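[1] structure here, sequence nowhere to be found:
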């Protein structure tokens, strides 16, 4: 076994410990977050791999209160429709988790990052979600809090933020400091239900 | 600024340093990798957030040489068609990067992880690519090497690995130790080209 393998064991343990602590945040303190901090977070995101190295991701940092209000208004309108038309089990999940079409975090978080992707590039959606994964981890590593949120419809954001039509908005991440009290973590499936060997259904453990 | 913010600055620096070192690996040493190590990597992946916490991801670890050969055969057949039908600029990119439909890493890497997702879940594709992002980082943190690869067509894998039809194969990650000499890193766009403020095109810097 190569030597570097053993040296790095601790790094993975620390990463998993960080991941286990991470929670999505819907309520933000009024403390400001600085654009320079968000730039640091985006500096992690842009190391994601991408199809044919086309780096399809773009990030629009929103700190203007009026723009935030407009985003919230459009998103709430889109989500009222989305919630109305959701399948029954999803409606129940939303209800159990107290998630309504009201999106306070879009105006309460000090900053939003709107993530858009150039849809003419190969694997634009997949690549951009890897980069959002890196953002989430960087936010956590920085002691900030976030949430990945996609409105039920996103075209209104192209208009609102002057985003060309060949870009699709894939998510909005509010970024700030969490106001939430410790609450129960999402229930996780046991790894034995998720991992198989050589064919689907064949147990590893 | 809350105290935890300052404590965590070093963590982000370390994460970005790790990200900057990461490279996709197409040539693997013959050293074995152990299933228990891959389980550790998957333990990071399953901390990804998912739509309505449905955790749509499934991981099939393949170490059987015959199954690996069958996967390679199917993938190469799919990619011959994919390469033939690619747009001209993509063909040039593949050529410049010496990427052909020959996928040696599918039999040469000691292990493959086939990642599938339950397509009846909301945001199944987005959630699963975040989890793949975490896998890539965990592989790196562990001193192993990998690559995210999706064949041009994936239905053959459902048949080959007995994966039910309501699951879609989103990627195959070979995992092992890199045999590649240091080579030039993919050219990255400057962050100033990727980040805007309050509206698309408005500079931050």
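    Nice, thanks for sending it over. All values reported here derive from a predicted model rather than from experimental measurement. Numbering: from 1, shown residues only, chains lettered A, B, ... in the order given.

[2] now find how far off-centre stretch A:193-200 is within its chain.
    Its chain's average C-alpha position is 27 Å from that of stretch A:193-200, according to CA atoms, centre = their mean, to the nearest Å.

[3] next: stretch A:161-177.
    11 Å.

[4] avg pLDDT for it?
    Here stretch A:161-177 scores 97 as its mean pLDDT.

[5] distance of the closest residue to chain B within chain A from residue A:48?
    Nearest residue of chain A to chain B (CB to the nearest CB) works out as residue A:133 at 3.2 Å. Every C-beta, even on glycine, is put in place using the N, C-alpha and C of the backbone. Distance of residue A:133 to residue A:48, computed by CB to CB, to the nearest Å: 8 Å.

[6] okay, and the common contacts of these two?
    residue B:133 (CB atoms under 8 Å, 6 or more residues apart in numbering or on different chains).

[7] tell me the first helix or strand C-terminal of the longest strand belonging to chain A.
    Across chain A, the longest stretch assigned as strand under DSSP state E is strand A:167-176. Going down the chain from strand A:167-176, the next helix or strand is strand A:195-197, by DSSP states H and E.

[8] how about residue A:47, what does it touch?
    Neighbouring residues of residue A:47 by CB under 8 Å, 6+ apart: A:134, B:16, B:19-20, B:22, B:188.

[9] what about the residue of chain A closest to chain B, which SS state?
    Of the three states, residue A:133 takes helix according to DSSP: H, G, I helix; E, B strand; the rest coil.

[10] find the nearest non-adjacent residue to it, please.
    Nearest residue to residue A:133 in three dimensions, chain neighbours excluded: residue B:133, at 3.2 Å (CB to CB, 6 or more residues apart in numbering or on different chains).

[11] hmm, residue A:130 and the one you found touching each other?
    Yes. The criterion here is CB atoms under 8 Å, and residue B:133 meets it with residue A:130 at 3.9 Å.

[12] hmm, residue A:85 and residue A:91 touching each other?
    No. Taking CB under 8 Å as the definition, residue A:91 is not a contact partner of residue A:85, at 9.6 Å.

[13] what sits up against the longest helix anywhere in chain A?
    Criterion DSSP state H: the longest helix present in chain A is helix A:65-85. Contacts of helix A:65-85 with the rest of the structure, by CB under 8 Å, 6+ apart, involve A:62, A:91, A:94, A:100-104, A:106-107, A:112, A:114, A:149, A:151-154, A:156-157, A:160-161, A:172, B:198-199.

[14] the strands in chain A, which residues?
    Secondary structure of chain A by DSSP E: the strands cover A:57-62, A:111-118, A:145-146, A:167-176, A:195-197, A:199-203.

[15] report all helices and strands that the longest one contacts.
    So the one you mean is strand A:167-176. Judged by 3 or more CB pairs under 8 Å, 6 or more residues apart in numbering or on different chains; DSSP states H and E, strand A:167-176 is in contact with helix A:35-45, helix A:105-108, strand A:111-118, helix A:124-141, strand A:145-146, helix A:155-160.
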